[in-house]
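K.L.:
sequence plus predicted model, see below.
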Amino acid sequence: MRSDYRMAVHASALLIPYLTEATSKSIIVTVLIAVAALYIVSEAYRLRGERFPLITEFTLMMSRDDERTNLVAGPVYLAAGVILSLLLFPKSIGYASITIVAVGDPVASYFSQRFGRTHVGRKTLEGFAAGLIVSFAGASLWVHPDLALIGSAAGMLLELLGISDDNLTMPIGAGLAMVIASFL
């Protein structure tokens, strides 16, 4: 159940490129900053033993037991990764980077939990492969398949290596890899 909520948060990032196209980058960045700030305020309330309407309940539903005594920072890192992808990268690469974290991370987690046998630290090669395939397919909607493969491989390698918070490092690493590759 918790993983379903976590997947829903990730999947919601898929809306960002479309909402950006329908409105503007500045509007979406402003909304994301406001939502992240509101979430941080709700977490401050929760950590003091108070409830913030709706947000506290959602946070508790999606968080793991070991996260509940501290700030549940995953959504903030995801928002930061999405915001930075929009601001730092050309539009198509930014959108591809967002797509990679939105689909690659939850798919890798799902496949790792269900089918993972070959461990690399706490992650599995089965999760990595599934995340790579799905993130490549999604990123290919925004960039040439060569760049999509490079970005997906970079993002999923960061996920596989268990880098600190992959909600931030995956889209930034994927975007940087695609930018560098586009110059070669």
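P.N.:
Now that the structure is in, tell me what you want to look at.
K.L.:
list the contacts of the least confident helix or strand in the chain by mean pLDDT.
P.N.:
Of all helical and strand segments in the chain, the minimum by mean pLDDT, DSSP states H and E falls on helix 2-12, at a mean of 80. Here helix 2-12 makes contact (Cβ atoms under 8 Å, 6 or more residues apart in numbering) with 58, 61-64, 74-75, 78, 101-103, 105-106, 109-110, 113. From N, CA and C alone the C-beta is placed, and that goes for glycine too.
K.L.:
pull out the buried positions in that helix.
P.N.:
Neighbour-count burial for helix 2-12, counted by 16 or more other Cβ atoms under 10 Å, picks out 6-7, 9-10.
K.L.:
remind me what the longest helix along the chain packs against, helices and strands.
P.N.:
Longest helix in the chain, counting residues (DSSP state H): helix 25-47. With contacts defined as 3 or more Cβ pairs under 8 Å, 6 or more residues apart in numbering; DSSP states H and E, the packing partners of helix 25-47 are helix 15-22, helix 55-62, helix 74-88.
K.L.:
what's the distance between the second one and the middle of its chain?
P.N.:
The chain centroid and the centroid of helix 55-62 are separated by 18 Å, computed with Cα atoms, centre = their mean, to the nearest Å.
K.L.:
who are the packing partners of that helix?
P.N.:
Packing contacts for helix 55-62, counted by 3+ Cβ pairs under 8 Å, 6+ apart, involve helix 2-12, helix 25-47.
K.L.:
closest one to Met156 among the ones you listed?
P.N.:
Met156 lies closest, by Cβ to Cβ, to one member of these: helix 2-12, at 13.8 Å.
K.L.:
please save the CA atoms from that closest one in PDB.
P.N.:
What follows is helix 2-12, C-alpha atoms only, in PDB (Å, rounded to 0.1, in the frame of the first residue of the first chain):
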ATOM      1  CA  ARG A   2       2.800   2.500   0.900                       C
ATOM      2  CA  SER A   3       4.600   1.800  -2.300                       C
ATOM      3  CA  ASP A   4       1.400   2.500  -4.200                       C
ATOM      4  CA  TYR A   5       1.200   6.000  -2.700                       C
ATOM      5  CA  ARG A   6       4.900   6.500  -3.300                       C
ATOM      6  CA  MET A   7       4.500   5.500  -7.000                       C
ATOM      7  CA  ALA A   8       1.600   7.900  -7.300                       C
ATOM      8  CA  VAL A   9       3.800  10.800  -6.100                       C
ATOM      9  CA  HIS A  10       6.400   9.900  -8.600                       C
ATOM     10  CA  ALA A  11       3.900   9.400 -11.400                       C
ATOM     11  CA  SER A  12       2.400  12.800 -10.700                       C
END
